[in-house]
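> only geometry, no sequence info:
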C-alpha cells in the first residue's frame with residue numbers, strides 16, 4: 001500500500017497564543033519563525049510591556065515545520081497555547 005505523503009506537503013494554518021516572559025519581549029521571535037522554520041506569520045493581536053508579552057499568532061506552513069517551531073518556542077521559554085476556534089454552521 002502506497003503511503004500518502006500529499007498531506008505532508010500541503011500548507012496548514014494554525015493559531016496560537018504566545019506568552020513571553022520579560023527577558024524575551026525584545027527578541028526577534030517572529031523573525032526566527034520565518035527564518036528557521038519557513039512559516040508565514042500573521043499577528044492577530046499583541047500586547048507587550050517591559051515585564052511580559054502576549055500575542056495571538058496565526059502561522060502558515062508545513063505541519064512538520066509548525067510542530068518544530070512550537071518545540072523551539074517552548075524550549076526558548078515561550079508558553080504556547082492553541083487558539084480554540086468554534087464555528088457555528090447555519
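Arrived safely. Keep in mind that this is a model prediction, so the values were computed, not measured.

> so is residue 32 in a helix, a strand, or just coil?
Under DSSP: H, G, I helix; E, B strand; the rest coil, the three-state class of residue 32 is helix.

> who are the contact partners of residue 81?
16-17, 19 (C-beta atoms under 8 Å, 6 or more residues apart in numbering). C-beta coordinates here come from the backbone N, C-alpha and C atoms, glycine included.

> ok now the strand or helix carrying residue 54, how far from the chain's centre?
Using DSSP states H and E, the element containing residue 54 is strand 52-61. How far strand 52-61 lies from its chain's middle: 5 Å, per C-alpha atoms, centre = their mean, to the nearest Å.

> strand partners (parallel or antiparallel) of that strand?
Strands that pair with strand 52-61, judged by DSSP bridges, come out as strand 12-21 (antiparallel), strand 40-48 (antiparallel).

> quick check: mean pLDDT across it?
Averaging pLDDT along strand 52-61 yields 96.

> what residues sit buried inside that strand?
For strand 52-61, a neighbour-count test (16 or more other C-beta atoms under 10 Å) marks 53, 55, 57, 59, 61 as buried.

> look up phi and psi at the nearest residue to residue 19 once chain neighbours are set aside.
Nearest residue to residue 19, sequence neighbours excluded (C-beta to C-beta, 6 or more residues apart in numbering): residue 79, at 3.9 Å. With angles defined as degrees, to the nearest 10, residue 79 sits at phi -80, psi 130.
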